[in-house]
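**Student:** Fold the following and give me the result.
(2 chains)
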Amino acid sequence: MNVEEIKKNATQAIAACGDSAALNDVRVKYLGKKGEITSLMKQMGQLSPEERPAFGKDVNTLRTEVEQALKERQSIIAHKEQQKKMQGEVIDITLPGTGGKVGALHPLTQVYYELRDIFVSMGFDVLEGPEVELDEYNFEKLNIPKEHPSRDAQDTFYISDDVVLRTHTSPVQIRTMLTQKPPIRMICPGRVFRCDDVDATHSPVFMQLEGLVVDKNIRFSDLKGTINTFLKSYYGEDVKTKFRPGFFPFTEPSAEVDVTCTVCKGSGCPACKGAGMIEVLGCGSVNPVVLRNVGLDPEEYSGFAFGLGVDRLATTKYGITDIRLLYENDVRFLGQFV
Amino acid sequence: MLAPYRWISDYTKGLSGVEALAEKMVMTGNGVEGIEHCGENIQNVVVGKIEKIDKHPDADKLVVCQIDVGDAELLQIVTGADNVFAGAYVPVAKAPAVLPTGPIKKGKLRGVESFGMLCSGEELNLKEEDYEGAGVDGIMILRNEPQPGMDVRELLHLSGTVMEFEVGANRPDCLSMLGIAREAAAADEKTYEQPQTGYAESDKKTQDMVSVEVQDKDLCTRYIAAAVTDVKIEPSPEWMRVRLREAGVRPINNIVDITNFVMLETGQPMHAFDAADIRGERIIVRRAQKGEKMVTLDDKEHEFTENMLLIYDAEGPIGIAGIMGGQNSEIKQDTKTVVFEAAKFGYGNVRQTSRALGVSTESSMRFSKGVDAATTLYAMQRALTLIDELGAGKVAQGMIDILNEDLSARVVKTSASSVNALLGTEIAAGEMQKYLSRVFIQAELEGDELVCTIPSFRGDMTGPADVAEEVARIYGYDNIPATDANVGMRRGVVSERETKTDVVKRYLIDTGHMESVTYSFIGAMDYAKLDMPMPKSVKILNPLGDDTAFLRTTLIPHMLNTVATNLNRKNTELKLYEVSRSYTPVEGQQLPRETPLLCIAHSGVGCDFFRLKGVLENIVMLLCGKELQCKQVKRQYLHPGAGAEVFVDDISIGLMGELNPRVAGVYELEQKVFLAEINLEALFGIEKAQVRYKELPRFPAATRDIAVIVDTRKGAGDLMDAIKKAGGKRVEQVKLFDVYEGEQLGEGKKSLAYALTLRAQDGTMTDKEVDKIMDKVVKTLQTEFGAELRS
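**Tutor:** Numbering: from 1, shown residues only, chains lettered A, B, ... in the order given. Next up, the predicted model:
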């Protein structure tokens, strides 16, 4: 067979191949040790020296062309085979993922983190203090002497005559003012304790967050501004706030602050008892008596303080009607706060 | 504090409607807890006159009444009552009507139509003391021929509005109608008028009937006694009874009602003794002697201690000062002479005594919040005025008044500019003066200076800040601007402890844990369940119960309770944690040591010791950049074969392991639970070194496997640590890839296979260098662990 015939046959054979195995057979048939093109090369010895270069060139061209054709066909076959393989690899993409589940921070922690972020961004330091506290710091320095009527509001767990479970985080404010010179800007979060039996709205242990600012020339209007900034950050720019006169022994003047009800947005509902507003925090200018008690001169310094119940913010935010759920830790409850 | 609208209107005329008044009161600092419209549960009940009574044709015990209810036609009602008669005036519920007991519809009684019901006093929620005849068994007969058709609520004063105020501990003066009326006048810009006092005196003298001696002046700074003779005990007039009833006090008789009325009106509690029962005609005020006893008005016997202030006569106690009178001297139906007491007792003492005896009364409540000595006198004068007005007796001359208190008016000086500086306002001084006068503070203006004379009933006002608050609340908090405090810009600082706690919590959340929060209290029983001896603990003097009597030293019991609660509810896949404090008493210190702890519990499919250990390893790596080590440990509540103490850098940071199955049984846990409790203070104390970049290896590593046979007791991790130590810094990694126990190894033996990666920083290691290290490793395992090289 001559070069042209081989070329024609080989090209046809390659085009007819449907898979890698058939193609390999063709390769062996033409390019193998005993293949037709290889055999053709071996015929070179029988030719005259004059004929050899031209023949050699033709055969080499033929070899290159066949190799190229094989390569091209291989690429087509490989693509087809890959397609076919992938068709057998179709998965059910609606099956669930297999990574571990995410957990959840307790709703109280989530609310606290939100509050903390806001206050830290407003320049408030976060400070802690003991939960078992001296009566002196929990009450007396806060202008709540022993046997004073204002103790009635806070049913207290006593450890001894002089030691209590803190009923608020205000003693952390006292400790801060005793050890740190103004300017002071701090919040003090944490567990507090009241001698209340457990029911849907009462818990003997709950979470509070208080704040304190002491410096020169701090005014009641600054308290309003700060609280408004905070409440807008927490509830959104549209929230309406209402400052009502209130009473706390450690602040003077004192205020209680209402915000637009989170449930009905102000139109009145059972959650806000129809008022359209809910009470969220208590605050006031630091009572000069308290400043004197910690060795600060009320003529030189003034300040304001505020406090809010993290539990209350959490229950109103999430619509939790029974505070006991927060301390029962049913994972079906906790898992809702992912 | 219940304040009937009609009562406060007696002193402040022309008040706004209830709702509008309530809003104004709230905005001036008088919290309104509720508004009750009385009589709303009584509707369409009118006065009826029975014109005719016939026997029921088919029932012996029923009669058929024809009643004039002011309409064109008579109303037919069938009743079973036997006290009705033609001509009687009665309350008629005209169907459809509403009574406190429910709705009334027309119906047929034994075939005769009845268009409503005749009412008894009880059906209208009335008692005999509210209306004479209301207590009889049968229909209530109305007196004085009222107009048929008139609403009985109007006739009997059943429809009033009662406001409930929240009174702060600073304002005991508002525990009175006068106090509320003053605040209402201030809030509503109306005029307040206090009732005038004045009464005729008889020729008898109080001092001839009784003497008063105050021995413990520290606890009684004013004691006023006044006698009333020729007392006639009878019901008090209707206007007084209506007011008492609306304020939540049961009318009794004229003398007792006057003491209650004056207390509610002025805030000053009063007491009335039957003078005939004051033995020796002497009243002595002094502390009790320990063990003395007396029976109070409510028929209960009390035993006293030496801190309790009592009222004595010549022979013994006749009253507990400020709390309750003695039965031995109470007002009776035949009382002829009364001695009224109005006094000021120390608030702290009344509070302590009231709490110690477990007796709380309207009187003790007011005393323990503090009364005003000037009001004490006014109250007595008011009581005597009422005696005179009601004709309840004859007022004797000359009351006895023992005063041990300075009554001169308090003056507080401040200035308009300092009030404005405190509030952040620009209120003119003259305006401030006006606002202050609205709350009865007389302020003289001397230039910018405000010289404020404080009324006696405002014991809470002691300094400039108090004046500023009064100005603020009348000016209106709404009118005070909201300003930005002039403080520098900065970001707040969160403590390292809190930042590290955040890292722990975030890691745990990301790995599927739920955060739990439980109470800090614990009971002795909780330790018994863990089979642990009760550690030295902080004890609460007044706990809610035995199970919450101590502060916890461990978070494990509540974590197990949480696990049990969840398993009971078929929540079987549990990964929980809590971060909270433990409390340990410290010798010689008032406050305990509070230590933050982390407790983790795993239970469910795939949970085992090592999954939990892995969590701890990662937390330690995140916080300290270090490995943790476990050492076998025995704890009552841990499985004896799977309990570990956890160390970092040889510092113990806590415990972990499988819950002892016996303890699991106590908690009725039906699946395995793995627990860890970590001392975060110890963990956070271990510093993480600042990260420094290390060059990546440039030379190839050599790998070698080694398999040894050791006793099964030997720890594979311990061998691994030994390999690293023996191999030195060129051992880059040691991996345990096979653990095998089988017959051919023999009883109590196991095979451990490790893959070592060795690398030098300065060149490719030669076989010789590698062999040298491997020899050292093998020798160490042989000598330290009795390991036998497996071929």
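
**Student:** If you rank every helix and strand of chain A by mean pLDDT, what lands last?
**Tutor:** helix A:36-42 (a mean of 85; mean pLDDT, DSSP states H and E).

**Student:** Might you list the low-confidence residue ranges for the chain?
**Tutor:** The chain I'm using is chain A. A:1, A:152-154 (pLDDT under 70).

**Student:** My question was about chain B, not that one.
**Tutor:** Ranges of chain B meeting pLDDT under 70: B:791.

**Student:** which residues touch the residue of it found nearest chain A?
**Tutor:** Using C-beta to the nearest C-beta, B:Gly424 is the residue of chain B that sits closest to chain A, at 2.6 Å. The C-beta positions use only the backbone N, C-alpha and C, and glycine is treated the same way. Going by C-beta atoms under 8 Å, 6 or more residues apart in numbering or on different chains, B:Gly424 touches A:Arg219, A:Phe220, A:Ser221, A:Asp222, A:Lys224, B:Ile480, B:Pro481, B:Thr483.

**Student:** Surely the second one is in contact with A:Phe304?
**Tutor:** Yep, that's A:Phe220 we're talking about. Yes: here A:Phe220 lies in contact with A:Phe304, judged by C-beta atoms under 8 Å, at a distance of 7.1 Å.

**Student:** Between those two, tell me which one has more neighbours.
**Tutor:** Legend: neighbour count by other C-beta atoms under 10 Å in any protein chain shown for A:Phe220 and A:Phe304, higher for A:Phe220 (31 against 25).

**Student:** Need the phi and psi values for residue 273.
**Tutor:** Here I'm looking at chain A. When read as degrees, to the nearest 10, the backbone of A:Lys273 gives phi 50, psi 40.

**Student:** my bad, the chain I had in mind was chain B
**Tutor:** Dihedral angles (degrees, to the nearest 10) for B:Phe273: phi -100, psi 150.

**Student:** got the domain boundaries for chain A?
**Tutor:** A:3-87, A:107-337 (automatic domain parsing).

**Student:** These: which one's closest to chain B?
**Tutor:** Judging the domains of chain A by C-beta to the nearest C-beta, what sits closest to chain B is domain A:107-337, at 2.6 Å.

**Student:** Any idea how far apart the tips of that closest one sit?
**Tutor:** With C-alpha to C-alpha, to the nearest Å applied, domain A:107-337 spans 6 Å between its terminal residues.

**Student:** need the contact list for the spatially most central residue of chain B.
**Tutor:** Geometric centre of chain B, nearest residue: B:Leu544, 12.8 Å, by C-alpha atoms, centre = their mean. By C-beta under 8 Å, 6+ apart, the residues touching B:Leu544 are A:Cys195, A:Asp197, A:Val198, A:Pro204, B:Phe521.

**Student:** any idea which element it lies in?
**Tutor:** Following DSSP states H and E, one finds B:Leu544 outside all helices and strands.

**Student:** how about B:Val739, phi and psi?
**Tutor:** Given degrees, to the nearest 10, the pair of backbone angles that B:Val739 has is phi -130, psi 130.

**Student:** check contacts around it.
**Tutor:** B:Ala716, B:Lys750, B:Ser751, B:Leu752, B:Ala753.

**Student:** now stretch A:267-287: how far from the chain's centre is it?
**Tutor:** Centroid separation for stretch A:267-287 versus its chain: 29 Å, with C-alpha atoms, centre = their mean, to the nearest Å.

**Student:** quick one: it near chain B?
**Tutor:** Yes: against chain B, stretch A:267-287 shows contacts by C-beta under 8 Å from any C-beta of the partner chain at A:Ser285, A:Asn287.

**Student:** Give me the distance between the two termini of that stretch.
**Tutor:** Using C-alpha to C-alpha, the two ends of stretch A:267-287 sit 36 Å apart.

**Student:** for the stretch 1-150 of chain B, what spans make up the helices?
**Tutor:** B:5-9, B:18-27 (DSSP state H, counting those that start in this stretch).

**Student:** Dump the C-alpha coordinates for the shortest one into CSV.
**Tutor:** Meaning helix B:5-9. C-alpha atoms of helix B:5-9 as CSV (Å, rounded to 0.1, in the frame of the first residue of the first chain):
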residue,chain,number,x,y,z
TYR,B,5,-62.0,60.8,92.3
ARG,B,6,-64.9,62.2,94.3
TRP,B,7,-62.8,62.3,97.4
ILE,B,8,-59.8,64.2,95.9
SER,B,9,-62.3,66.5,94.3
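
**Student:** Quick check: buried residues in that helix?
**Tutor:** B:Tyr5, B:Trp7, B:Ile8, B:Ser9 (16 or more other C-beta atoms under 10 Å in any protein chain shown).

**Student:** Could you export these to TSV, including columns for distance to chain A?
**Tutor:** Supplementary listing: the buried residues of helix B:5-9 in TSV, determined by distance: C-beta to the nearest C-beta, whole Å:
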residue	distance to chain A
B:Tyr5	20
B:Trp7	24
B:Ile8	19
B:Ser9	23
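
**Student:** of all the residues you listed, which comes closest to A:Pro288?
**Tutor:** B:Ile8 (33.2 Å; C-beta to C-beta).

**Student:** Against B:Lys688, how distant is the closest one?
**Tutor:** Note on B:Ile8: its distance to B:Lys688, by C-beta to C-beta, to the nearest Å, is 67 Å.

**Student:** just B:Ala20 next, same as before
**Tutor:** 64 Å.

**Student:** Also B:Gly138?
**Tutor:** Going from B:Gly138 to B:Lys688 by C-beta to C-beta gives 88 Å.

**Student:** got it, and B:Asn679?
**Tutor:** Taken as C-beta to C-beta, the span from B:Asn679 to B:Lys688 is 17 Å.

**Student:** More neighbours: these two, which one.
**Tutor:** Using other C-beta under 10 Å, the more surrounded residue of B:Asn679 and B:Lys688 is B:Asn679, with 19 against 13.

**Student:** May I ask you to confirm that the more buried one is in contact with B:Gly654?
**Tutor:** Yes: the criterion here is C-beta under 8 Å, and B:Asn679 meets it with B:Gly654 at 5.4 Å.

**Student:** Mutual contacts of the two, please.
**Tutor:** B:Leu597.

**Student:** for the top helix by length along chain A, packing partners?
**Tutor:** In chain A, ranked by residue count with DSSP state H as the criterion, the top helix is helix A:52-87. Judged by 3 or more C-beta pairs under 8 Å, 6 or more residues apart in numbering or on different chains; DSSP states H and E, helix A:52-87 is in contact with helix A:3-16, helix A:20-31, helix A:36-42.

**Student:** list the buried ones in that helix?
**Tutor:** Across helix A:52-87, burial judged by 16+ other C-beta under 10 Å covers A:Phe55, A:Val59, A:Leu62, A:Arg63, A:Val66, A:Ala69, A:Leu70, A:Arg73, A:Gln74, A:Ile77.

**Student:** was I right about the fourth one contacting A:Leu31?
**Tutor:** When you say that, I think you mean A:Arg63. Yes: A:Arg63 is in contact with A:Leu31 according to C-beta under 8 Å; the separation is 7.0 Å.

**Student:** Lovely, talk soon.
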